[in-house]
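**Student:** Sharing a model prediction with you, sequence too.
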Amino acid sequence: MESEGVSLPLFHKHPMIPWNDLRRGDCCEYFESQSDGYYCKLCDFFVHKKCGDEELSEFMDHPYHPNHTLHLRPHIQVQGINKTLCDLCDRRILFLSYRCDMCDFDLDLRCLKYTPPEVIDNSKKHHHKLTLVKERTKIDCCTKCGKAGRGYPYKCDECEDVAFHVDCVWHPPSVELNHSPEINHSYHSLHHPLKLLTGPPPDYSDGICRLCGRNVDEDLFYHCSSCDFTLDMRCVLNPPPKTVVDLKAHDHQLTLLPRLDSFTCNACGLKGDRSPYICVPCCFMIHQHCLSLPRVININRHDHRVSRTSVLGDGAMNSVCGVCRKKVDWKYGGFSCLRCPPGYVVHSRCATRDDVWNGKELEGLPEEEEEEDIEPYVVIDDNTIQHFSHKEHHLRLHGNGILYDDNKRCSACTHSICLQSFYGCLDCDFFLHQSCAECPKKRRHVLHNDRLTLVTKNEPDAFVCYACQRFSNGFMYKHGDTTFDVLCGSISEPYVHLSHPQHPLYYIPTKEDHICNGCNGKWRSNVLRCIESDCGFLLCFRCATIPQLVKHRVDDHPLSLCYGEEEEEEASGKYWCDICEKETNPKEWFYTCKDHLASLHTKCVLGNFTGLMPKSVTKLWYQSYEVVLNKSVTRPFCSSCKSRCMYPIILKLLGRTSETYTCSSYCIVP
């Protein structure tokens with residue numbers, strides 16, 4: 001996409017370019033009689049100029065909610081979906097709404113721009129006058145569409161039980177375009193004119209535009225019943241060109257073939273069912289949308305740039321895609337890394353997914369950013385380094401670790417030094433696990449599209465790890481507002497965990513909930529999965545990064561992490577946690593002692609604040625706390641839940657005359 005553009009942050013995350021295209025706007029979902037607007041080529045996203053340029057006031061009064069002033073509120077998404085509905089039309093709010101918090105009333109941009117009239121007296125849908133009911137009402141069955149709903153309905157005063165959704169009986173006059181009832185189109189036989197239709201497509205039709213492959217809008221489209229040929233308004237008024245010359249896609253001129261025909265796209269290797277661009281001499285076919293594939297990009301799963309190639313070649317014959325982990329067809333195009341023999345390859349569609357690529361085309365741009373120094377330390381001798389986070393002193397390697405010492409904690413992950421190799425400062429109490437000391441200063445991560453930077457000098461405020469949702473005030477990987485603790489930030493593919501050594505784990509997002517094998521909780525995102533078809537093993541990032549060995553006051557020896565039912569059977573039938581004195585679930589992971597005579601909940605052993613450094617002062621929700629080890633003979637009471645604090649790390653609220661403690665994040669009131 002072009003580097004320059006118009007910023008419309010209320011509507012879209014990418015810069016947009018001025019565009020002239022008569023089509024349904026993604027801003028308000030209406031056709032406009034004027035076609036000027038703004039367009040994002042990366043996302044095929046179009047905003048009407050009228051919507052994007054209109055200066056929306058922060059507050060407004062509306063005749064359908066006269067008692068209170070409404071205030072502008074950007075869209076709020078939950079798991080990628082905006083779940084707020086407009087109270088007038090009952091449709092999901094796309095981007096903006098005017099809201100009254102007192103009445104829980106929301107008005108979307110469509111109903112603001114085109115407020116439905118109070119009375120409709122000439123509706124083609126009903127022979128009597130229809131009146132708008134100005135209060136949110138349940139509609140058991142709309143007379144037109146037969147569906148239930150809620151909103152401001154139109155009702156007939158003369159007919160009992162007659163009600164309509166707003167959108168079923170009214171469309172604003174400004175968007176009812178004046179089109180001919182029949183047209184001849186250059187992509188269809190002149191002997192078969194296309195007829196203008198409204199409403200659902202015919203039952204025999206698939207309801208998809210022959211040229212662009214999108215579902216047609218029920219408001220307006222053209223159709224030939226003899227050939228089952230359908231065009232949406234966008235392709236009627238602004239059809240794709242018959243021929244293109246795009247040397248990035250192919251060396252020769254390409255011609256559009258406007259017919260239904262199954263084919264395999266040479267650029268992405270995926271099937272298509274209609275209207276490809278073709279080069280007959282080369283037997284080359286390509287999806288229309290694959291013409292705009294970038295040439296050189298970065299993806300979040302690989303440290304080097306990947307480049308598009310028209311044929312992956314027989315060197316990729318036995319390769320799998322670096323994103324979806326499925327086999328690639330070497331006879332077709334894709335992306336490959338030229339610096340990783342025998343070759344790192346990715347499907348074209350996988351490489352350009354929104355959750356993999358940041359949308360930046362890098363062809364012609366220098367690679368200084370990728371080549372810059374990312375090494376975290378300088379080697380002084382075989383056992384001594386100078387780490388960039390502690391330049392004032394040298395660190396000495398201790399290869400065998402120590403048994404346990406609460407006073408020796410890694411400054412990066414904040415966990416104790418426990419039977420692990422670590423670096424210790426020769427002049428002060430600064431420690432780093434060897435694995436944490438080796439974390440690069442820059443890295444890419446499967447959960448974020450831009451490269452992360454390792455930040456070692458944090459503000460007093462604790463941060464929340466994007467991957468595992470734990471608090472931490474240690475080192476973090478950061479880009480913009482996205483933060484990872486070093487444990488989650490260091491995870492890369494393939495990831496091997498001791499609980500599942502037979503197969504590596506990968507980040508493969510899905511739209512379904514899955515059960516984590518560690519905590520038995522439901523997760524939809526931020527999970528690592530085994531890709532073997534008969535396995536189904538899955539870990540959330542929180543379970544993937546909890547320590548294998550910990551020390552707790554319940555036992556003199558370190559506790560070891562056990563992985564569920566088989567280990568539970570070895571624990572001599574102990575199904576009760578000695579910390580909370582509640583039953584343990586044998587399907588969940590637990591900690592056990594040296595002689596396997598106890599099974600302790602991982603949450604009870606670690607607590608909510610395991611990522612916070614003891615003796616430090618940190619801020620949570622604008623309150624200052626001292627991070628305290630809970631190891632005194634008498635455990636203090638939590639000021640919120642009124643129970644004795646049982647977790648190993650608790651918080652002491654500062655600035656109070658009396659000692660006030662908090663035992664978990666659930667007990668902190670924002």
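**Tutor:** Noted; the coordinates are in hand. Numbering: from 1, shown residues only.
**Student:** In the stretch 501-650 of the chain, what residue spans correspond to strands?
**Tutor:** Secondary structure of the stretch 501-650 of the chain (DSSP state E, counting those that start in this stretch): strands located at 505-506, 514-515, 522-523, 527-530, 538-540, 549-550, 559-562, 590-592, 600-601, 617-620, 623-629, 649-653.
**Student:** Turn these into CSV, including mean neighbour count.
**Tutor:** Every C-beta, even on glycine, is put in place using the N, C-alpha and C of the backbone. Shown next, in CSV, are the strands of the stretch 501-650 of the chain (neighbours: other Cβ atoms under 10 Å):
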stretch, mean neighbour count
strand 505-506, 20
strand 514-515, 16
strand 522-523, 14
strand 527-530, 22
strand 538-540, 22
strand 549-550, 19
strand 559-562, 20
strand 590-592, 25
strand 600-601, 22
strand 617-620, 17
strand 623-629, 18
strand 649-653, 22
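**Student:** what's the longest strand in this structure?
**Tutor:** The longest strand of the chain (DSSP state E) is strand 65-74.
**Student:** can you pull out the helices in the stretch 551-670 of the chain?
**Tutor:** 565-570, 602-606 (DSSP state H, counting those that start in this stretch).
**Student:** Lowest average pLDDT across the ones you listed?
**Tutor:** Sorting the helices of the stretch 551-670 of the chain by mean pLDDT places helix 565-570 lowest, at a mean of 49.
**Student:** hang on, the earlier thing: let me know which of the strands of the stretch 501-650 of the chain is the nearest to Lys147.
**Tutor:** Closest to Lys147 of the strands of the stretch 501-650 of the chain, according to Cβ to Cβ: strand 522-523, at 30.0 Å.
**Student:** which residues sit against that closest one?
**Tutor:** With Cβ atoms under 8 Å, 6 or more residues apart in numbering as the test, strand 522-523 has contacts from 513-516, 538, 540.
**Student:** For that strand, which strands pair with it and how are they oriented?
**Tutor:** Paired with strand 522-523 in the same sheet, following DSSP bridges, are strand 514-515 (antiparallel).
**Student:** what separates the strand it pairs with from the chain centre, distance-wise?
**Tutor:** Mean C-alpha position of strand 514-515 versus that of the full chain (Cα atoms, centre = their mean, to the nearest Å) differs by 18 Å.
**Student:** Kindly provide the whole-number mean pLDDT of that strand.
**Tutor:** Averaged across strand 514-515, pLDDT comes to 87.
**Student:** Show me the contact partners of that strand.
**Tutor:** By Cβ under 8 Å, 6+ apart, strand 514-515 touches 521-524, 527, 529, 538.
**Student:** Now render those as JSON lines, adding distance to Lys271 and pLDDT.
**Tutor:** As requested, those are exported to JSON lines (distance: Cβ to Cβ, whole Å; pLDDT from 0 to 100):
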{"residue": "Gly521", "distance to Lys271": "37", "pLDDT": "87"}
{"residue": "Lys522", "distance to Lys271": "33", "pLDDT": "86"}
{"residue": "Trp523", "distance to Lys271": "31", "pLDDT": "84"}
{"residue": "Arg524", "distance to Lys271": "28", "pLDDT": "77"}
{"residue": "Val527", "distance to Lys271": "29", "pLDDT": "92"}
{"residue": "Arg529", "distance to Lys271": "25", "pLDDT": "92"}
{"residue": "Leu538", "distance to Lys271": "29", "pLDDT": "91"}
